[in-house]
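> All I have is the shape, not the residue letters:
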């Protein structure tokens, strides 16, 4: 393990992206979000994905030069075309625009088609709560789970973020519809560690906890069995019909995942009485934390709490990182 | 088991509610929804709950005479006060109004406070798809699950419906955030049948599949462990802050569950190109059903499919019902 500072990672990624000809403002934005994701403790959806991004950009599968553009609207719903551009950039812009519409009409919905991997769902929830707004946003993906009752995968795990604002303790839930995200499985597989609960099936239809075997079968377990399978289906369907973009059914016909569909629904909670909104959040968190913990040394955590703890610690002490992950980024930088 | 016809149940419930002094239009509406829920195969959230409803109404804990009323608005978000009235009536009116706002502005959001149990989440999703709209709606509840990492229950299972319209095969997902709904556990307990997967904890912190033991401990398992726990928390928080109503933290201070908070978000999908929306849904369902089933005799089902099958069969053949459930309703009718 090595230790990397926040500014150090930010600058290196920014320079790396500039070397790969990202326009300056996009290089900076991507470097910021990827560094933030990593320092928030979500390395799997941060610096760990940089080689994947560079590989895609390098062979032109992601176009760093394009801007997403509006292609339709219906009241507070705007449809945008991401034009195969940078997933992080498109999603940041979409969140901004959803917040802007919500500022005017209470709710703003941005439905984005033809975009690419947004890295970390939570990133856009934190963006919303920073401006005092709530957010529900999700993306579809290529299939990585069998729909309930099926042997083969035919539904994505469609990561979802739901965020409720508060000045110091926002609630930000970032989950995919599989018991474990793909990135999490890859990190577990790297460290040869068993999953804490079953995370997928092997070829004999058995529930298993070995991350490597699950990555091989590609058959992730939906959260709550039939329930997460159903949630994944409706998220994909809503994303496709609201954006007019590709559903998983079509994504599965592509060799690689691109041109995914995403939805961003912002709620202007700052338009309601903010002290009362904050009081509600405090009361809810107070109630949750008043329950007796199973493990007194761990306590009880609400969605987003761990992120804030890790953010503070990692920005203060530097991020402890697997050498290989950092080396891979340095190699790219030197080789560019 | 006995067999009851659709009109027979509808008329009996209508007359029963009239005997208990429900205003005529509300008696009819409640009788319709409860009969529909039952004939859709969701007896646990249909006729099975009638004695509970009558008991509440009988002692004035639910007021059948009041109308919900608007108390605030922010653009496409309207806040209503349910005034402790009939949960079904309030939720039907809220869905209607959300659809109306969506018809004008693309999205309509109705946030309802001080309402009562709406019986079945799916009911409002089917209402939306009948008019070609999409819907995301949920309710909070008193605690019935330990939040992840806690011994005692401090979060509700907050039933959620997500509906995507199609003229013949809408996708309607109706799930609570617990692996099993309370009503489902009660029905399993009545028939002494083990749950197909673990559904809660006993007092020794062990995951168990005995419905009776789970009802006793009151500690339902969230779908996907920490993930469903997190989803339940954000649904409660959004319901409370959007409606300005009670969160689970406050509901837990009441002796019984009343004055819950609900959110109805309607999407005017009929405002987009309907053939393209329907084509998207068909393509998604075609893809799901093309996967190889684990059990060829059962096939693969999408959310809402089973409901349509049961609806057709039960309306044609009559609903097969546990004698005791029907007897309980008849006793109420005779005794009123």
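Happy to help now that I have it. These numbers come from a predicted model, not from an experiment.

> so the residue nearest to residue A:166 when sequence neighbours are not counted is in which element?
Once flanking residues are discounted, residue A:166 sits nearest to residue A:281: 4.3 Å by C-beta to C-beta, 6 or more residues apart in numbering or on different chains. The C-beta positions use only the backbone N, C-alpha and C, and glycine is treated the same way. Counting by DSSP states H and E, the element that carries residue A:281 is helix A:274-289.

> What segments of chain A are helices?
Under the criterion DSSP state H, helices of chain A are mapped to A:6-19, A:24-39, A:50-58, A:87-105, A:122-130, A:182-190, A:211-217, A:226-243, A:248-251, A:274-289, A:305-317, A:323-335.

> closest one to residue B:132 among these?
Nearest to residue B:132, of all the helices of chain A, is helix A:226-243, at 11.3 Å by C-beta to C-beta.

> got the angle for that closest one vs helix B:122-130?
Counting by axes from the mean of the first three to the mean of the last three C-alpha atoms, to 10 degrees, helix A:226-243 lies at 30 degrees to helix B:122-130.

> Can you give me the buried ones in helix A:226-243?
Residues of helix A:226-243 classed as buried by neighbour count (16 or more other C-beta atoms under 10 Å in any protein chain shown): A:226-243.

> Contact residues of the stretch 51-200 of chain A facing chain B?
Contact residues (C-beta under 8 Å from any C-beta of the partner chain) of the stretch 51-200 of chain A with chain B: A:72-77, A:102, A:104-107, A:109, A:134, A:136, A:146-155, A:162-164, A:171, A:173, A:175, A:179, A:197.

> Any chance of a ChimeraX selection covering the buried ones in these?
A single ChimeraX command selects the buried members of these (16+ other C-beta under 10 Å):
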select /A:73,74,75,76,77,102,105,106,107,109,134,136,146,147,148,149,150,151,153,154,155,162,163,164,171,173,175,179
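
> Most tightly packed of the helices of chain A?
helix A:226-243 (a mean of 28; mean count of other C-beta atoms under 10 Å in any protein chain shown).

> right, is it up against chain B?
Yes - on the criterion C-beta under 8 Å from any C-beta, helix A:226-243 is in touch with chain B at A:227-228, A:230-231, A:233-238, A:240-242.

> rewinding a little: unless I'm mixing things up, the residue nearest to residue A:166 is touching residue A:169, no?
Yes - judged on C-beta atoms under 8 Å, residue A:281 makes contact with residue A:169 at a distance of 6.8 Å.

> any chance of the helices of chain A in a markdown table, plus distance to residue B:121 and mean pLDDT?
Converted to a markdown table, those look like this (distance: least, C-beta to C-beta, whole Å; pLDDT from 0 to 100):
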| stretch | distance to residue B:121 | mean pLDDT |
| --- | --- | --- |
| helix A:6-19 | 44 | 98 |
| helix A:24-39 | 34 | 98 |
| helix A:50-58 | 38 | 97 |
| helix A:87-105 | 25 | 98 |
| helix A:122-130 | 24 | 98 |
| helix A:182-190 | 30 | 87 |
| helix A:211-217 | 31 | 93 |
| helix A:226-243 | 12 | 98 |
| helix A:248-251 | 24 | 98 |
| helix A:274-289 | 21 | 95 |
| helix A:305-317 | 28 | 98 |
| helix A:323-335 | 43 | 95 |
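
> So for residue B:51, which of those sits nearest?
That would be, of the helices of chain A and by C-beta to C-beta, helix A:226-243, which comes in at 27.9 Å.

> Tell me the helices and strands packed up against the helix holding residue A:281.
Counting by 3 or more C-beta pairs under 8 Å, 6 or more residues apart in numbering or on different chains; DSSP states H and E, the packing neighbours recorded for helix A:274-289 are strand A:171-175, strand B:153-155, helix B:226-243, helix B:248-251.

> list the helices and strands the second one packs on?
Think strand B:153-155. helix A:274-289, strand B:145-146, helix B:226-243.
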